[in-house]
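In: Structure for this input, please:
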Amino acid sequence: MANAAKTVERMKNNPRDWRVEDLKVVAGHFGIAWRHHGTSHVVFINGQGEIAPVPA
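Out: Residues are numbered from 1 along each chain as shown. Model prediction:
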């Protein structure tokens, strides 16, 4: 929890300096699945099946 909370705070304070690893930590904390199969994007998938591709 602490790691995800710190990551979210850091992301809020500097919204232009996020890494994909930061997004993966936060997604894992909130139960959001993600996949990254060697492509140029990481795909985040919420509980309703909605997807959000993010360039890696």
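In: tell me which element the most centrally placed residue in the chain is part of?
Out: In the chain, the centroid-proximal residue (CA atoms, centre = their mean) is residue 23; its distance is 2.1 Å. Using DSSP states H and E, residue 23 sits within helix 20-29.
In: repeat for residue 12
Out: Counting by DSSP H and E, residue 12 is part of helix 2-13.
In: how close does residue 6 get to residue 22?
Out: From residue 6 over to residue 22 the distance is 10 Å, taken as CB to CB, to the nearest Å. All C-beta spots, glycine's among them, are computed from the backbone N, C-alpha and C.
In: Same check on residue 16?
Out: 12 Å.
In: sorry, back to before: neighbour-wise, which of residue 6 and residue 22 wins?
Out: Using other CB atoms under 10 Å, the more surrounded residue of residue 6 and residue 22 is residue 22, with 15 against 11.
In: correct me, but that one touches residue 4?
Out: No: contact criterion CB atoms under 8 Å: residue 22 and residue 4 do not qualify, at 9.6 Å.
In: From the contact counts, what lies against the worst-scoring helix or strand of the chain on mean pLDDT?
Out: Taking mean pLDDT, DSSP states H and E as the measure, the helix or strand of the chain with the lowest value is helix 2-13, at a mean of 91. Applying 3 or more CB pairs under 8 Å, 6 or more residues apart in numbering; DSSP states H and E, one finds that helix 2-13 makes contact with helix 20-29.
In: mind checking how far the helix it packs on is from the chain centre?
Out: Centroid displacement of helix 20-29 relative to its chain, using CA atoms, centre = their mean, to the nearest Å, is 4 Å.
In: Next, the angle helix 20-29 makes with the least confident helix or strand of the chain.
Out: 130 degrees (axes from the mean of the first three to the mean of the last three CA atoms, to 10 degrees).
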